[in-house]
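*Asks:* From the sequence below, what's the structure:
(one chain, ligands or ions: 1)
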Amino acid sequence: MKTMLTAFSSSVGKKLLMAFTGILLSLFLIAHAIGNSTTFLGLDAFNSYAEHLHSLGCLISLFEIGLLLIFLIHVSVAIILFFQNLQARSTRYQVQKSSGGRTPGSRTMPYTGLIILIFIIVHLGDFHFIEKTTTIGVLVKETLSRPVISLFYIVAMAALILHISHGFWSFFQTLGINHPKYNCTIRTGGLGVTFILGSIFVLIPILALIWTGFLS
Ligand code: HEM
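*Replies:* Numbering: from 1, shown residues only. Purely as a prediction, here's the structure:
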């Protein structure tokens, strides 16, 4: 146990923790995006998907505890790395550019991460920790058709797209999968997944805002 803690407290260990928790969170996002895409099929389809999910009972509770743990590790290690980087910069010792060069995604990682953190707190308040007096589909429609909320969702989804566009690249770099022959495929693949995920997540608040037929 002590050896494991020592390994993870090293700088490489922390990067590995970030990479693995990041990829697990991305798997959750892929599943969540697939589930949420049933909103495009109408109210009944989305409600029926949500009912199936809830019928899994304590499996869902176990999954939520796991997800929370992974999320807490990801955020805590990110905060530690952020302050270590600041300290290293102030002592003029910091050469940690990714071999793919600085991109808007890599430069803004801590800030987009913070926006996503705020988003998740608001999001869980909107849909999870709320007493449901109506179906989940009606709740999503009513919540996201409020301009302030849907605009907030759109901004947060833009931050999410920037964040994971760099996250996928960073995952492969941390694992040492870095070769001129594959780098283009890795970058294009990462951007492709980001584009599909981002399009689904961003389209939902946009449709809720402009189309009265959404989720009806
Ligand atoms: C427009 C996009 C999104 C919509 C419409 C949406 C919708 C929902 C709904 C309806 C629930 C509640 C499920 C339930 O308790 O019955 C939920 C849960 C959740 N959402 Fe989202 N979501 C969106 C985007 C996101 C994003 C981008 C993230 C993460 C960055 C996220 C993270 C979560 C988490 C962590 C939960 C709790 C999961 C659980 O309790 O099992 N969501 N979402």
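*Asks:* For residue 144, which non-adjacent residue is closest in space?
*Replies:* residue 208 (3.5 Å; CB to CB, 6 or more residues apart in numbering). Yep, even glycine has a C-beta here, placed from its N, CA and C like the rest.
*Asks:* Around the ligand, pick out the residues from the chain.
*Replies:* 29, 32, 36, 50, 60, 64, 116, 120, 123, 127-128, 136, 140, 153, 160, 201, 204-205 (CB under 6 Å from any ligand atom).
*Asks:* same thing but at 5 Å, please
*Replies:* Within the chain, the residues that sit near the ligand (CB under 5 Å from any ligand atom) are 36, 64, 127-128, 201, 204.
*Asks:* How is the residue nearest to residue 144 assigned, secondary-structure-wise?
*Replies:* Following DSSP: H, G, I helix; E, B strand; the rest coil, residue 208 is assigned to helix.
*Asks:* Which members of the residues of the chain next to the ligand are the farthest-apart pair?
*Replies:* Using CB to CB, the residues of the chain next to the ligand span at most 21.4 Å, a distance reached by 64 and 204.
*Asks:* These two: which has the busier surroundings?
*Replies:* More crowded of residue 64 and residue 204, by other CB atoms under 10 Å: residue 204, with 23 against 11.
*Asks:* Okay, and the more buried one sits in which element?
*Replies:* helix 180-210 (DSSP states H and E).
*Asks:* Sort out which residues of that helix are buried, please.
*Replies:* Neighbour counts over helix 180-210 (16 or more other CB atoms under 10 Å) mark 183, 186-187, 190-191, 193-194, 197-198, 200-209 as buried.
*Asks:* So, low pLDDT: which residues of the protein?
*Replies:* Within the chain, the stretches with pLDDT under 70 are 1-2, 4, 7, 92-101.
*Asks:* That one: strands as residue ranges?
*Replies:* For the chain, applying DSSP state E gives no strands.
*Asks:* For residue 49, grab the count of nearby residues.
*Replies:* A count of nearby residues for residue 49, using other CB under 10 Å, gives 19.
*Asks:* ok, the closest residue to it other than its chain neighbours - contacts?
*Replies:* Nearest non-adjacent residue to residue 49, counting by CB to CB, 6+ apart: residue 38, 4.4 Å away. Contact analysis of residue 38 by CB atoms under 8 Å, 6 or more residues apart in numbering lists 45-46, 48-49.
*Asks:* With residue 29 instead?
*Replies:* 160, 164, 197.
*Asks:* now swap in residue 84 and tell me
*Replies:* Contacts for residue 84 were tallied using CB under 8 Å, 6+ apart; they are residue 11.
*Asks:* any idea how far residue 209 is from it?
*Replies:* In this view, residue 84 and residue 209 are 41 Å apart by CB to CB, to the nearest Å.
*Asks:* and what of residue 182?
*Replies:* Distance from residue 182 to residue 209, by CB to CB: 40 Å.
*Asks:* repeat for residue 195
*Replies:* 21 Å.
*Asks:* that older thread, surely the residue nearest to residue 144 and residue 215 touch.
*Replies:* Yes. The pair residue 208 / residue 215 is scored as a contact, 7.2 Å apart, by CB atoms under 8 Å.
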